[in-house]
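Asker: Generate coordinates for the sequence data below:
(chains A and B)
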Amino acid sequence: MQGFLVRRLGQALITILGVATLIFFVQRLTGDPTYLLVPETATQADIDALRHALGFDRPLIEQFGGFLADLARFDLGQSVVQRVPVSTIIASRLPYTLMLAAGALVVAIGIGVPVGVVLALFRDGPIAKLAAGFVLAAQSMPTFWSGILMIMIFAVTLGWLPPSSTGGFSHLIMPSIALGLLSMATFARITRASLLDELSKDYVRTARSRGVRTPRLLVRHVARNAAIPVITVAALEISNLLAGAVIVETVFAWPGIGQVTVQAILARDFLIVQGVVLLGAFVTVLLNLLSDILYSVVDPRIVLERAR
Amino acid sequence: MIRHAKYHAAIALASALTMGAAPAFASKDRFMVDLVSEPSSLDPQIQWNPDSYYVYRNIFDNLITRDDKGEIVPQVATSWKYLSDTEIEFDLRSDITFHDGSKLTADDVVYSVKRITDPKFASPQLGQFDKIADAVALSPTKVKLTTNGAYPALLAQLVKLSIIPKKIVEDVGKDAFNLKPVGSGPYKFESWQRGVAVTLTRNDNYWGVKGPFPTVVFRAVPDGATRVANLQAGSTDLAVTMDSDQAAQLKASAKAQPLIGLTERVAYIRLNTTKPPLNNIKLRLAAAHAIDKEGLVQGILGGYDKPVPELLTPAIFGWIDGIKAPGYDLAKAKALVAEVGPAAKTEIELATSPTFDQRIVQAIQQQLNEAGFNVKIGMSDMATYLKRAQAGPEATSMLSFGRWSCACQDADGVLFPLLHKSSGWSAYRNPKVDALLEDARQTLDAKKRLDDYRQVHEIVAAEAPVIPLYQAAALYGATKNLQWRPTPNESMFLNRMSWKD
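Answerer: Below is the predicted model of the structure:
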């Protein structure tokens, strides 16, 4: 276990360093933000002066060295547009992203897994067909459309929910559903496939022949075994959700990471983009590690030392 | 173990959910404004974009301002007089206090000027004020500004100079002041929930017209459709940046109304006159005749914008009534193109960026091609577009769509950068125009300036280095009983709003 952890942490560090290098240079390829910052009437001399003051006229290698040195001190730098530390900006958005991710996950798993079970158990029945139609519809609706539709129905027409922004729990409901419905389909499909796979195994037939009823069979015998692919997908989905849900956050004016990222990309506010990308890389690496560890908790036969 | 983890997760989620404030529904006490993005900065000398100055212009007073008619009128300064062509003296009000109770004096004005003109401070607005060479306090209520040469647009630029408190800024430092700004304006900074909302409260001790709303909350709502829904649901009182379809939607709404203001911003197509095929004046005139400005405005923009014959809008000093520009005449355009022959078929690029209304750009492409041109749209992100647009005649595109505002309402801020050879934006070389623009920049004689600009307008109409299109309208959405007249400089002064009963 220890050797495994050390090796994986080493890999994680290299991955993150690679991401940092890539994001640094790819962004600089597109130019710099000076032109977006100045009013139209600024002369070339004004623009050059601002570029110099912001440090974008320094050689790339020198800028990169500074970036790595700051990174080693966990300093993500200061936004050139807002002139506020990037860590402050990300920290202020993170709680909202976490809330929305949690809400979406509750919707996705809360509906997706039961629907998957229904799809597997009543494979060809009318209920399964209905459920499959629901899943397909939920996944096919683009969120910018389903989002605005929900706002029109539940906020404008019925007045039950606030149309956008943050506030109390009621503000979280619509964005969570809009976002959760998308990943719900993934959960339903993976649960169905995994469950069908397990149900066709010998131990299930044996259990059935002993007279074990379906609910008990599912809970006691099949659930654990079928859970592994679901955990993998959950880890992937969580890292997706934490990277920010750009469209849902935009439609519902939800102040999460996704919204700030898009704004930063458009404004070429490099340091914010770098910070968010590094955070995303970090979360993805961490969640992958966690899901590997979880496998061995769910299935004791998986021994981490040999697994990799 | 697992059960514990679940328990902790539930607690964490529950506490996260209750973190936010109480639901922010609009009410008369709490005026809600939907911006597109949150302000970049509330230090008025750091950032230059509408979402920032919509907010901070209510926290700070400016040295001078423009009234609803667009005239330059006193604010912190009560009067001013030129001592010479390069020296101007301002008398200041003595009864203004900052929100912390300290008095606003000439030292604060001098400090504000010096801070924003210090190249090391790196204000993006430096270019608007760098003609100011010096600022001196003659007494606590008298300030003298010195410019590098006569600078007729000085007053027009000073409309944007917010006065900041010297002592506070020096005491707390730049970063802290940006987070918690203190001004002397009709609204006080209350809080900034980053990413969510900026809250201002009314300054009940304000020296001038007080604001009508006790509390004002500015939120970021990036999607236009959501801003409309917010208005229709009644959770917002005022929202910025609507398009003509959304304005029509609001017209039909029971709770909301569109508010429309013609701005100082002018839309145009800039032609590269230095390279073939558009170095041929016949083709430039053909392009000018091919574009149906009235059609663009009525057919696409909902009729809110206003076609213009010159590269200014009536909200700008330098506007001359009755300039004759080439009108829409497809037959004439086709004839001119045919006269030139095969050279007219060279592929030319029309540069644009997603920031602009693509329906307009595509319609212009279609109209030009109908006349016989071969126009391709070149789309790039805003930063790349801006870089190319001001890269000079060699590197810039043949055609470039733009919407120009100098935020100063003076022709010098529009015509000079777009036409004078010293500017990166200009792809036109005409010594006569250069001389006229320089002359108008160097004299304080308004009549002489107007005469210079009239000549520039006439040359532009005759040679079409730029095709002026329309005066852009700013479309806002508001609750039905809000009374407010949007100004041409796209500001949002809360103390000029009121409720209809």
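
Asker: low-confidence ranges in the chain?
Answerer: Let's take chain A. A:1, A:243-244, A:303-308 (pLDDT under 70).

Asker: ah, I was thinking of chain B
Answerer: B:1-27.

Asker: let's see it at 50
Answerer: Residues of chain B meeting the criterion pLDDT under 50: B:1-25.

Asker: can you tell me which helix in it is longest?
Answerer: helix B:446-463 (DSSP state H).

Asker: What's the first helix or strand after that helix?
Answerer: Past helix B:446-463, further along toward the C-terminus, the next helix or strand under DSSP states H and E is strand B:466-479.

Asker: quick check: domain ranges of chain B?
Answerer: Under the assignment automatic domain parsing, the domains of chain B span B:2-184+B:480-499, B:263-473.

Asker: Using TSV, lay out those together with mean neighbour count and distance to chain A.
Answerer: (Each C-beta comes from the backbone N, C-alpha and C, glycine too.) Output for those, formatted as TSV (neighbours: other Cβ atoms under 10 Å in any protein chain shown; distance: least, Cβ to the nearest Cβ, whole Å):
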stretch	mean neighbour count	distance to chain A
domain B:2-184+B:480-499	18	3
domain B:263-473	19	4
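
Asker: quick one: the longest helix of chain B to strand B:466-479, angle?
Answerer: Going by axes from the mean of the first three to the mean of the last three Cα atoms, to 10 degrees, helix B:446-463 is angled at 110 degrees with respect to strand B:466-479.

Asker: mind checking how far helix B:446-463 is from the chain centre?
Answerer: 24 Å (Cα atoms, centre = their mean, to the nearest Å).

Asker: which parts of the stretch 201-308 of chain A sit against chain B?
Answerer: A:250, A:251, A:252, A:253, A:255, A:259, A:260, A:263, A:266, A:268 (Cβ under 8 Å from any Cβ of the partner chain).

Asker: same thing but at 10 Å, please
Answerer: A:246-247, A:249-257, A:259-260, A:262-263, A:265-269, A:297 (Cβ under 10 Å from any Cβ of the partner chain).

Asker: Give me the buried subset of those.
Answerer: A:246-247, A:249-257, A:259-260, A:262-263, A:265-269 (16 or more other Cβ atoms under 10 Å in any protein chain shown).

Asker: Those residues in strands, which ones?
Answerer: Members of these lying in strands (criterion: DSSP state E): none.

Asker: Out of the residues you listed, list just those in helices.
Answerer: Under the assignment DSSP H, those contribute A:246, A:247, A:249, A:250, A:251, A:257, A:259, A:260, A:262, A:263, A:265, A:266 to helices.

Asker: from those residues, which two are the most distant?
Answerer: In these, two members sit farther apart than any others by Cβ to Cβ. They are A:251 and A:265, at 18.0 Å.

Asker: can you put the ones in helices among the buried ones among the residues of the stretch 201-308 of chain A next to chain B in JSON lines and add distance to residue B:38?
Answerer: Shown next, in JSON lines, are these (distance: Cβ to Cβ, whole Å):
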{"residue": "A:246", "distance to residue B:38": "16"}
{"residue": "A:247", "distance to residue B:38": "19"}
{"residue": "A:249", "distance to residue B:38": "13"}
{"residue": "A:250", "distance to residue B:38": "13"}
{"residue": "A:251", "distance to residue B:38": "17"}
{"residue": "A:257", "distance to residue B:38": "14"}
{"residue": "A:259", "distance to residue B:38": "10"}
{"residue": "A:260", "distance to residue B:38": "9"}
{"residue": "A:262", "distance to residue B:38": "13"}
{"residue": "A:263", "distance to residue B:38": "9"}
{"residue": "A:265", "distance to residue B:38": "16"}
{"residue": "A:266", "distance to residue B:38": "14"}
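
Asker: does residue B:210 belong to a helix or a strand, and which?
Answerer: Residue-wise, residue B:210 maps onto no helix or strand under DSSP H and E.

Asker: Does it touch residue B:204 like I think?
Answerer: Yes: counting by Cβ atoms under 10 Å, residue B:204 is a contact partner of residue B:210 at 6.9 Å.

Asker: between those two, what contacts are shared?
Answerer: residue B:186 (Cβ atoms under 10 Å, 6 or more residues apart in numbering or on different chains).

Asker: Is residue A:88 in contact with residue A:78, as I believe?
Answerer: Yes: when contacts are counted by Cβ under 10 Å, residue A:88 is listed as touching residue A:78 (9.1 Å).

Asker: Which one of those two is surrounded by more residues?
Answerer: For residue A:88 versus residue A:78, the count of surrounding residues by other Cβ atoms under 10 Å in any protein chain shown is larger for residue A:78: 18 against 15.

Asker: Report the beta-bridge partners for the more buried one.
Answerer: With DSSP bridges as the criterion, residue A:78 is bridged to residue A:85.

Asker: Show me where the stretch 1-150 of chain B has its helices.
Answerer: Secondary structure of the stretch 1-150 of chain B by DSSP state H, counting those that start in this stretch: the helices cover B:2-17, B:50-59, B:106-117, B:126-129.

Asker: Sorry, slip of the keys, the one I care about is the stretch 201-308 of chain A.
Answerer: Using DSSP H, counting those that start in this stretch, helices in the stretch 201-308 of chain A cover A:202-209, A:214-216, A:223-242, A:246-251, A:257-266, A:270-298, A:304-307.

Asker: how about CSV for those helices, with distance to residue A:12 added?
Answerer: Shown next, in CSV, are the helices of the stretch 201-308 of chain A (distance: least, Cβ to Cβ, whole Å):
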stretch, distance to residue A:12
helix A:202-209, 37
helix A:214-216, 41
helix A:223-242, 13
helix A:246-251, 26
helix A:257-266, 20
helix A:270-298, 4
helix A:304-307, 15
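
Asker: closest to residue B:333 out of these?
Answerer: That would be helix A:257-266 among the helices of the stretch 201-308 of chain A, by Cβ to Cβ, at 36.4 Å.

Asker: residue of the stretch 1-150 of chain A with the smallest distance to chain B?
Answerer: residue A:53 (3.3 Å; Cβ to the nearest Cβ).

Asker: Leaving out the residues flanking it, which one is nearest to that residue?
Answerer: Spatial nearest neighbour of residue A:53, excluding adjacent residues (Cβ to Cβ, 6 or more residues apart in numbering or on different chains): residue B:122 at 3.3 Å.

Asker: Quick check on residue B:100: phi, psi?
Answerer: For residue B:100, the backbone dihedrals (degrees, to the nearest 10) come out as phi -90, psi 0.

Asker: gap between the residue lying closest to it once chain neighbours are set aside and residue B:104?
Answerer: Leaving aside its chain neighbours, residue B:100 sits nearest to residue B:182 (5.6 Å; criterion: Cβ to Cβ, 6+ apart). As for residue B:182, its distance to residue B:104 is 11 Å (criterion: Cβ to Cβ, to the nearest Å).

Asker: which neighbours do these two share?
Answerer: Common neighbours of residue B:182 and residue B:104 (Cβ under 10 Å, 6+ apart) are B:98, B:164, B:165.

Asker: Now do the contacts for residue B:151.
Answerer: B:85, B:86, B:88, B:131, B:132, B:133, B:145, B:157, B:412, B:441, B:442, B:444 are the contacts of residue B:151 under Cβ under 10 Å, 6+ apart.

Asker: got those residues as JSON lines, with distance to residue A:233 columns?
Answerer: As requested, those are arranged in JSON lines below (distance: Cβ to Cβ, whole Å):
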{"residue": "B:85", "distance to residue A:233": "74"}
{"residue": "B:86", "distance to residue A:233": "71"}
{"residue": "B:88", "distance to residue A:233": "69"}
{"residue": "B:131", "distance to residue A:233": "62"}
{"residue": "B:132", "distance to residue A:233": "62"}
{"residue": "B:133", "distance to residue A:233": "66"}
{"residue": "B:145", "distance to residue A:233": "66"}
{"residue": "B:157", "distance to residue A:233": "58"}
{"residue": "B:412", "distance to residue A:233": "62"}
{"residue": "B:441", "distance to residue A:233": "65"}
{"residue": "B:442", "distance to residue A:233": "70"}
{"residue": "B:444", "distance to residue A:233": "72"}
